[in-house]
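**Student:** missing the sequence, but the structure's below:
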């Protein structure tokens, strides 16, 4: 391993990339645009007023009780109420009888259905106990709090996802270009070794990946004002280990593509399973028995766990869980770097 | 075989070298030897195995059978020691870097210590000093070939492997190239060059005629013409390569 030669490769990549203003711009601006959109989507409390129609005879007392809560009540007859529901102008129809109440929901969107059902149930409970639910049941939080939005919970995962995605795509296509343009063959006919080549690539790309990681992190924390508890430096360390793994993975994956179109098609294959199974959408412990082992092989699973623990729960870098996750991510980076070295064969034809 | 690069050994020694790519036999028991300081021309039709031999000498091909050595060492060891300069058929350069940046990069990989001086010298040899700050992507095909040659000369290799080096180069510059090759050979460098261009082939000390991965005939241009009973090298080339093996 000759550091001068590896350094020359790293310097060359920095030089090439610095000249590619568009890629450089996209590397920093694209994550911010996407994060800003996600921030606008998930950064505010999700459920607004629920529009409920009380069908038939409505007890005026009930009517008065429900007004001014999260529920907006309106009285109509049953058939007209159902029509309103179908047309999407109402969220629920309540019909009272001697046994209690029947709540009818539109029902096609499961998450919306459960959100509406729970706010209607909460309102009815309030009515029965004669006081707001919050007065009877006091909720306390270990982490987070009533002010926490979905964005606060998802931001750590999004940071990992974007850092991983952009740099993986970039290193895959760049190295593929090296393979297909004939320069790889030319490099291998110099004293440069395959390890020096991969180390050089890691060095060059890590520089941009880390700069991007800083930008994403600062944007998330200071512009989107995501709430975080842990140390920013710890977050950065986790991100850094993750992106080095992403570069290595990109170099190795480029061996399986013959052209840039094919390389881009590998992106959903590598990324989407991680989006679904790494704890971004569904917590890993809620995955079924055969999906859970699958999630264990994804680097984003560990990055998500670590970043969420640091940002939402305030874990320190010395926490065994964080150390373990960083260790696994480092091991992943090392294995992928070895795979990248193995994927560079002198015999190209 | 995989030992140190030695001065006394022939520059290139191939003994019964065999290489198949799937069903295609690229080299089929090729044997040849090139002495130090010689300019040896590889002649042969497309697909005859010239490029495979050159790539094998650059340490890029794993042989199926036979022995191949460069200055008495395995090709990769010779390349790693900086003894070999390989110029690919199509210029392998970074189009988004300048001429100078490309050359500095390759010079560093080859372990050149006085990078600036060597880059200037190589640029002078290929007459590109004024284009040093141009992006390679903006150069003409012939200019790229010149940069590619310059990149091969930077570390003053003792063996130059040139795969059709003058494709796309105009006649005047081609003559300059050959003058430079000759002066390198006089200074002790060995040059193995593949070519289709007969006037170029006639400038070599010795020629090897290759067909279907085998050496058909070998000798100076005059010897080959005499052996084929032909009027010129081109006729000799056609007569010898069409003769039954």
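**Tutor:** Perfect, thanks for sending it. No experiment lies behind these values; they were computed from the predicted model shown.

**Student:** mind naming the longest helix for the chain?
**Tutor:** Since no chain was named, I'll use chain A. Counting residues, the longest helix found in chain A (DSSP state H) is helix A:150-180.

**Student:** wrong chain, I was asking about chain B
**Tutor:** Counting residues, the longest helix found in chain B (DSSP H) is helix B:171-186.

**Student:** average pLDDT for that one?
**Tutor:** Helix B:171-186 shows a mean pLDDT of 90.

**Student:** okay, the angle between the next helix or strand after that helix and helix B:171-186?
**Tutor:** Of the helices and strands lying after helix B:171-186 in sequence (DSSP states H and E), the nearest is strand B:190-195. Counting by axes from the mean of the first three to the mean of the last three C-alpha atoms, to 10 degrees, strand B:190-195 lies at 150 degrees to helix B:171-186.

**Student:** what pairs with the nearest residue to residue B:44 once chain neighbours are set aside across the strands?
**Tutor:** In this structure, residue B:44 finds its nearest non-sequential neighbour in residue B:210, 3.7 Å apart by C-beta to C-beta, 6 or more residues apart in numbering or on different chains. The C-beta positions use only the backbone N, C-alpha and C, and glycine is treated the same way. Beta bridges link residue B:210 to residue B:215, judged by DSSP bridges.

**Student:** and the gap between residue B:210 and residue B:230?
**Tutor:** Distance, residue B:210 to residue B:230, using C-beta to C-beta, to the nearest Å: 18 Å.

**Student:** and what of residue B:49?
**Tutor:** 23 Å.

**Student:** can you pull the residues of chain A lying near chain B?
**Tutor:** Contact residues, chain A versus chain B (C-beta under 8 Å from any C-beta of the partner chain): A:2, A:4-5, A:8, A:11-12, A:15-16, A:19-20, A:181-183, A:185-193, A:346-349.

**Student:** again, only this time at 7 Å
**Tutor:** Contact residues (C-beta under 7 Å from any C-beta of the partner chain) of chain A with chain B: A:4-5, A:8, A:12, A:15-16, A:19-20, A:181-183, A:185-186, A:188-192, A:346-349.

**Student:** give me the pLDDT value at residue A:75.
**Tutor:** Value listed for residue A:75 in the pLDDT field: 73.

**Student:** so which helix or strand takes in it?
**Tutor:** If you go by DSSP H and E, residue A:75 is part of strand A:71-76.

**Student:** where does chain B come near chain A, residue by residue?
**Tutor:** Residues of chain B lying close to chain A by C-beta under 7 Å from any C-beta are B:21, B:58-62, B:79-80, B:82, B:86, B:88, B:90, B:92, B:94, B:96-97, B:101, B:105-106, B:108-111.

**Student:** of those residues, which belong to strands?
**Tutor:** Per DSSP state E, strands hold the following members of those: B:21, B:86.

**Student:** against the centre of chain A, work out the most remote residue.
**Tutor:** Checked against the mean C-alpha position of chain A, the extreme residue using C-alpha atoms, centre = their mean is residue A:98, at a distance of 47.8 Å.

**Student:** just the element for residue 241, please.
**Tutor:** Using chain A here. With DSSP H and E as criterion, residue A:241 is part of helix A:232-253.

**Student:** sorry, I should have been clearer: chain B.
**Tutor:** Secondary structure assigned from DSSP H and E places residue B:241 in helix B:233-242.

**Student:** average model confidence for that helix?
**Tutor:** Helix B:233-242 comes out with an average pLDDT of 83.

**Student:** name the nearest residue to residue B:59, ignoring sequence neighbours.
**Tutor:** Computed as C-beta to C-beta, 6+ apart, the closest residue to residue B:59 that is not its neighbour in sequence is residue B:76, at 3.6 Å.

**Student:** ranges for the helices of chain B?
**Tutor:** Using DSSP H, the helices of chain B run over B:50-57, B:75-80, B:99-109, B:115-125, B:141-153, B:171-186, B:198-201, B:221-228, B:233-242.

**Student:** what comes into contact with the second one?
**Tutor:** Taking contacts as C-beta atoms under 7 Å, 6 or more residues apart in numbering or on different chains, the residues outside helix B:75-80 that touch it are A:189-191, B:2, B:5, B:56-59, B:68, B:70-71, B:84.

**Student:** quick check: buried residues in it?
**Tutor:** For helix B:75-80, a neighbour-count test (16 or more other C-beta atoms under 10 Å in any protein chain shown) marks B:75, B:76, B:77, B:78, B:79, B:80 as buried.

**Student:** residue A:330: neighbour count?
**Tutor:** The number of residues packed around residue A:330, counting by other C-beta atoms under 10 Å in any protein chain shown, is 15.

**Student:** just the pLDDT at the spatially closest residue to residue A:241 that is not a sequence neighbour, thanks.
**Tutor:** Leaving out its chain neighbours, the residue that sits closest to residue A:241 by C-beta to C-beta, 6+ apart is residue A:329, at 4.3 Å. On pLDDT, residue A:329 comes in at 96.

**Student:** so where is chain B shaky, pLDDT-wise?
**Tutor:** B:1-8, B:244-245 (pLDDT under 70).

**Student:** can you do 50?
**Tutor:** Scanning chain B for pLDDT under 50 picks out the ranges B:1-2.

**Student:** quick one, what contacts residue 196?
**Tutor:** As the question left the chain open, I've gone with chain A. Shown in contact with residue A:196 (C-beta under 7 Å, 6+ apart): A:1, A:2, A:5, A:6, A:9.

**Student:** let's do chain B instead
**Tutor:** residue B:164.

**Student:** now it: how far from residue B:46?
**Tutor:** In this view, residue B:196 and residue B:46 are 8 Å apart by C-beta to C-beta.

**Student:** please apply the same query to residue A:108.
**Tutor:** As judged by C-beta to C-beta, residue A:108 and residue B:46 stand 65 Å apart.

**Student:** and the angle for the longest helix of chain A with helix A:232-253?
**Tutor:** Relative orientation of helix A:150-180 versus helix A:232-253 (the same axes, to 10 degrees): 40 degrees.

**Student:** which residues touch residue B:228?
**Tutor:** By C-beta under 7 Å, 6+ apart, the contact list for residue B:228 reads B:235, B:236, B:239, B:240.

**Student:** ok, the third one touching residue B:231?
**Tutor:** Spelled out, it's residue B:239. No. Residue B:239 lies out of contact with residue B:231 (C-beta atoms under 7 Å); the separation is 10.1 Å.

**Student:** pick out whichever of those two has more residues nearby.
**Tutor:** Neighbours around residue B:239 and residue B:231, counted as other C-beta under 10 Å, are more numerous at residue B:239. The numbers are 16 against 9.

**Student:** need the contact list for the more buried one.
**Tutor:** B:228, B:230.
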